[in-house]
Structure formats: C-alpha cells, structure tokens
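> What follows is a predicted structure for the sequence shown.
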Amino acid sequence: SAVISQKPSRDICQRGTSLTIQCQVDSQVTMMFWYRQQPGQSLTLIATANQGSEATYESGFVIDKFPISRPNLTFSTLTVSNMSPEDSSIYLCSARATWGGYEQYFGPGTRLTVT
Amino acid sequence: AQTVTQSQPEMSVQEAETVTLSCTYDTSENNYYLFWYKQPPSRQMILVIRQEAYKQQNATENRFSVNFQKAAKSFSLKISDSQLGDTAMYFCAFMNPQGSNYKLTFGKGTLLTVNP
C-alpha cells in the first residue's frame, strides 16, 4: 500500500482568501485524485491529476476555483480559491498505485472551515 | 453513469456478533471493481476489501467478507466477531477501469456502531 500525507490537517480561513493543500505520497504513483467530503456526506470527486498533463475536472468543478498542480509522481497540490462558507469541507487526496490492482489509498484529509 | 446505493444509513451491533452491510449498484459494464472503505472518526479512509467482477469467488480479508451477486448487482459486507474498533462509516465504491479515468463512485455510507 501507499502512505499518503496531507498538509495542513485543518485550517480556518476567511472568505475571499485561498488555501493550498499539499499531498505527498511515499512512492511513485500514476494517478492522484482530489475529493471533497461535506459534513456527514459521502465523497465527491473534484478532479484527477496526472503528472505532466492538465487535471481532469468533474462536472460542477472548475479550474479557476480549484487549480491543481502535479509536478512529479509523488506530489500534488489543490488550491481552494476565493473561498466562501460553502467551501467548508474535508478535502482528501488519494493515489492509485502503479502496482497491483485498482484500489486507491487515501490521505488523512484536510478539514477546512471558512468564516 | 454508475450509481451506488447503500440503503442503511445507520446500523448497530453488539461486540463479538456478526453484521452485514448492504450495497447495490447500477452499471451496464461487465468488467469493474467494487470496494468497501472504512472511515473511522479520525477521517482516514481505509480500504477494507476489494472484489473483481470477473471473479466468482467472494473476497475475504480476516473478519471481513463479501457476498457478491453479479446478476443482482449486489455487494454486501459481512463483519464477523465485531470489535469496538470497527465503529466507523463504511462506504461502498464502484470503479470501471474502462474509460472512467479510474475514478471511484461512492455510496452515501453506513454508520456502524459496535456496542460493548
């Protein structure tokens, strides 16, 4: 399995500001994913990040609001831009390993509160 | 588009007993993967078990096993000898490796509480 860390683990931000979340994997992976989990809800995929190409966004999510970087095979960032209270959620990154099956391994999540 | 349904928002079980969580899904694909993930209060999503659709044999991992009924599009999780540490939200997830960019589609989850 892959070990994934995220920074920060939590943050409280003011509306209108931006926050960048970092995701680090302990081994090289082909695909990384960013999810949002609103309070008491399931996970919703924001985008898929492949190294060396633009991220692929799901319906309802746009690059201007959630820019993503994937500079190498072990690291990715998600920025939540121009935040509003509706962006208060847990943001999780995951990675699909280059070995084995199709399972994804998840980071511990970043709890974001926007005031 | 694939959908995943977990019809039990909450369940409880006594320690050492067995509990089954249900999951159904809708797809027109023949080749796909199904997963159960566990999310305890710490928020960490943990992979519990995986099932490949082309395998008839049900997957097992220690105290966790699945009942995979492909024709019925059903994928239930059985937890035997429940432990207090099994208390968590459990999510069923579907993945189609063909043309879906390997993304997971999650159900809404079942909150399982194991009582002492």
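Everything's here; your move.
> Check the residue lying closest to B:Thr18 once chain neighbours are set aside and give its pLDDT.
Leaving aside its chain neighbours, B:Thr18 sits nearest to B:Ser80 (5.0 Å; criterion: C-beta to C-beta, 6 or more residues apart in numbering or on different chains). Heads up, the C-betas are built off the backbone N, CA and C, glycines and all. Among the per-residue scores, B:Ser80 shows a pLDDT of 98.
> A:Val62 versus the residue in chain A that chain B sits nearest to, what's the distance?
Using C-beta to the nearest C-beta, the closest approach of chain A to chain B is made by A:Phe106 at 3.7 Å. As for A:Phe106, its distance to A:Val62 is 24 Å (criterion: C-beta to C-beta, to the nearest Å).
> do the same with B:Leu111
32 Å.
> cool, and B:Lys55?
On the measure of C-beta to C-beta, B:Lys55 and A:Val62 end up 39 Å apart.
> which residue does chain B bring closest to chain A?
B:Met45 (3.7 Å).
> Neighbours of that residue, how many?
27 (other C-beta atoms under 10 Å in any protein chain shown).
> And for A:Thr115?
A:Thr115, neighbours per other C-beta under 10 Å, totals 9.
> For chain A, which residues are neighbours of chain B?
A:1, A:31, A:33, A:41-43, A:45, A:48, A:56, A:58, A:90, A:92, A:94, A:96, A:101-106, A:108-109, A:111 (C-beta under 8 Å from any C-beta of the partner chain).
> got the residue ranges for the strands in chain B?
B:3-5, B:10-14, B:19-21, B:24-26, B:33-39, B:46-52, B:60-61, B:64-69, B:74-79, B:88-95, B:105-106, B:110-115 (DSSP state E).
> so what's B:Leu21 up against?
Contact analysis of B:Leu21 by C-beta atoms under 8 Å, 6 or more residues apart in numbering or on different chains lists B:Gln6, B:Gln8, B:Met11, B:Trp36, B:Ser76, B:Leu77, B:Lys78, B:Ile79, B:Tyr90, B:Cys92, B:Thr110, B:Leu112.
> so what pLDDT did it get?
98.
> From B:Val13, how far off is it?
10 Å.
> Quick check: neighbours shared by these two?
With C-beta under 8 Å, 6+ apart as the test, B:Leu21 and B:Val13 both reach B:Ile79, B:Leu112.
> Give me the neighbour count for residue 66.
No chain specified, so I'll use chain A. 20.
> meant chain B actually
So B:Val66, with other C-beta under 10 Å, has 25 neighbours.
> re earlier: between B:Leu111 and A:Val62, which one's more packed in?
B:Leu111 (15 against 12).
> ok, for the more buried one, nearest residue in space, not its chain neighbours?
B:Glu10 (4.7 Å).
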